[in-house]
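J.: Sequence and predicted structure below; questions after.
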Amino acid sequence: MDLLYKPWPWYIAGPIIGLTVPALLWIGNKRLGISSTLRHICAACVSFDIPLFQYNWKKESWSLFFVGGLFLGGVIGGWLFANPNPVEISSKTIAYFSSFGIAPQNGLMPVEIFNWQVLLSLKGFLLMIVGGFLVGFGTRYAQGCTSGHGILGLSALQWPSLVATASFFLGGILFAHFVLPYILAL
């Protein structure tokens, strides 16, 4: 029972995530991915003549239930099986963020970055609004998100997914080292 209340090691969680891909393909010929669900929601709600949303979205309505299940599972799992231990962060990461005035946190989100007052500043606008737009644009440009390319695409040995996943990681590393320090210094 202790396994339910602690983070699962990679050798248990990884295969479970990896097995969802063939399970979805085998059970209903469905492809795993989250970013396409936003497209389905927009196609269901928008009546404009936008070519991107002109398709039979009802055929893909299962993904709405999939995302709803992910959300509900996260809420139930966080409520019933919450890990009482604080999140472990490496001492180098703590020192790196402390150099920008971000104190060690008890939770996942540093209040020096994620709060309403910061959102209304240049730093908050760049991190949350511009960053959110760039993530959305990149997801659309790459024709999928990290879960779609990194889990489904790589397991299907798709070359474009390998390029996209490598680009996600490279972009994150470059941003963290060359752009984020300037934004946090604002």
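T.: That came in fine, so what should we check first?

J.: pLDDT below threshold where in this protein?
T.: Along the chain, the parts satisfying pLDDT under 70 run over 1-5, 47, 106-107.

J.: Tell me which stretches of it form helices.
T.: With DSSP state H as the criterion, the chain has helices at 10-28, 35-45, 62-80, 91-98, 116-119, 122-124, 131-141, 146-147, 154-155, 159-178, 180-184.

J.: Pull the residues that contact the longest one.
T.: Contact partners of helix 159-178, identified using C-beta atoms under 8 Å, 6 or more residues apart in numbering, comprise 138, 142-144, 146, 148-150, 152-154. C-beta: built from backbone N, CA, C; applies to glycine.

J.: coming back round to it: would a markdown table of the helices of the chain with mean neighbour count and distance to L108 be doable?
T.: Output for those, formatted as a markdown table (neighbours: other C-beta atoms under 10 Å; distance: least, C-beta to C-beta, whole Å):
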| stretch | mean neighbour count | distance to L108 |
| --- | --- | --- |
| helix 10-28 | 12 | 18 |
| helix 35-45 | 16 | 22 |
| helix 62-80 | 12 | 12 |
| helix 91-98 | 12 | 12 |
| helix 116-119 | 12 | 16 |
| helix 122-124 | 15 | 17 |
| helix 131-141 | 13 | 17 |
| helix 146-147 | 17 | 18 |
| helix 154-155 | 16 | 26 |
| helix 159-178 | 13 | 16 |
| helix 180-184 | 15 | 17 |
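
J.: Could I get these in TSV, plus columns for distance to F53?
T.: Shown next, in TSV, are the helices of the chain (distance: least, C-beta to C-beta, whole Å):
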stretch	distance to F53
helix 10-28	23
helix 35-45	4
helix 62-80	15
helix 91-98	41
helix 116-119	29
helix 122-124	31
helix 131-141	13
helix 146-147	22
helix 154-155	28
helix 159-178	23
helix 180-184	34
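
J.: of those helices, which approaches N56 most closely?
T.: Checking the helices of the chain against N56 by C-beta to C-beta gives helix 35-45 as the closest, at 8.8 Å.
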